[in-house]
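[1] what would the 3D arrangement of this be:
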Amino acid sequence: VQLVESGGGLVQPGGSLKLSCAASGFTFSNYFMSWYRQAPGKERELVAAINSAGGGTNYADSVKGRFTISRVNVKNTMYLEINSLKPEDTAVYYCNARLWRGTVLVYNYWGQGTQVTVSS
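    Numbers count the residues shown, from 1 in each chain. From the prediction side, this is the model:
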């Protein structure tokens with residue numbers, strides 16, 4: 001099983017990035033997918049999530065209107081489009097894949113993360 005994030009980097013405030021998460025080794029289309037982030041000295045937090053079919057999404061209040069999560073199941077890839085970046089968006093962004101059987105979490109996978117730094 002692999003989740004490989006890419007697309008991070010250094011960007012100026014107000015800029016944009018598009019992160020990708022390429023999945024392999026499991027049936028991607030069955031999994032609930034999320035993006036998390038962790039800033040230095042802070043706990044990892046949920047940024048955005050998308051259901052297995054891609055028809056349902058939710059966002060942290062701090063990113064609503066600026067971040068867009070999406071997925072293309074035939075490409076086994078999830079995306080996070082980030083606009084109007086702020087310095088407080090600086091963090092390592094992680095891809096997460098979860099498979100639920102009812103209310104039981106059966107599988108829970110993490111990527112290695114990609115660094116996003118917002119600075120002038």
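[2] list the buried ones in the strand or helix carrying Ala97?
    For Ala97, the host element (DSSP states H and E) is strand 91-101. Buried residues in strand 91-101, defined by neighbour count with 16 or more other Cβ atoms under 10 Å: 91-97, 99. Bear in mind the C-beta positions are built from the backbone N, C-alpha and C, glycine included.
[3] which residues does Ala97 contact?
    For Ala97, the contacting residues are 3, 23, 26, 28, 31-33, 107-109, by Cβ atoms under 8 Å, 6 or more residues apart in numbering.
[4] one more time with 7 Å
    3, 23, 31, 33, 109 (Cβ atoms under 7 Å, 6 or more residues apart in numbering).
[5] which helix or which strand is home to Gln115?
    Per DSSP H and E: strand 114-118 holds Gln115.
[6] how about that strand: buried residues?
    114, 116, 118.
[7] so where's the protein shaky on pLDDT?
    Filtered on pLDDT under 70, the chain yields no residues whatsoever.
[8] which residue lies nearest the spatial centre of the protein?
    Trp35 (2.3 Å; Cα atoms, centre = their mean).
[9] element containing that residue, please.
    Using DSSP H and E, Trp35 falls in strand 32-38.
[10] please identify the buried residues of that strand?
    Within strand 32-38, the residues scored as buried using 16+ other Cβ under 10 Å are 33-37.
[11] just after that strand, pick out the following helix or strand.
    Sequence-wise, the next helix or strand downstream of strand 32-38 (DSSP H and E) is strand 45-50.
[12] pull the residues that contact that following strand.
    Taking Cβ under 7 Å, 6+ apart as the rule, strand 45-50 contacts 32-37, 56-60, 63, 67, 69-71, 78, 80.
[13] what lines up beside it in the sheet?
    strand 32-38 (antiparallel), strand 57-59 (antiparallel) (DSSP bridges).
[14] Gly65: neighbouring residues, count only.
    Number of residues near Gly65 (other Cβ atoms under 10 Å) recorded here: 9.
[15] Met78 and Leu19 touch, don't they?
    No: with contact defined as Cβ atoms under 7 Å, Met78 does not reach Leu19; the gap is 8.7 Å.
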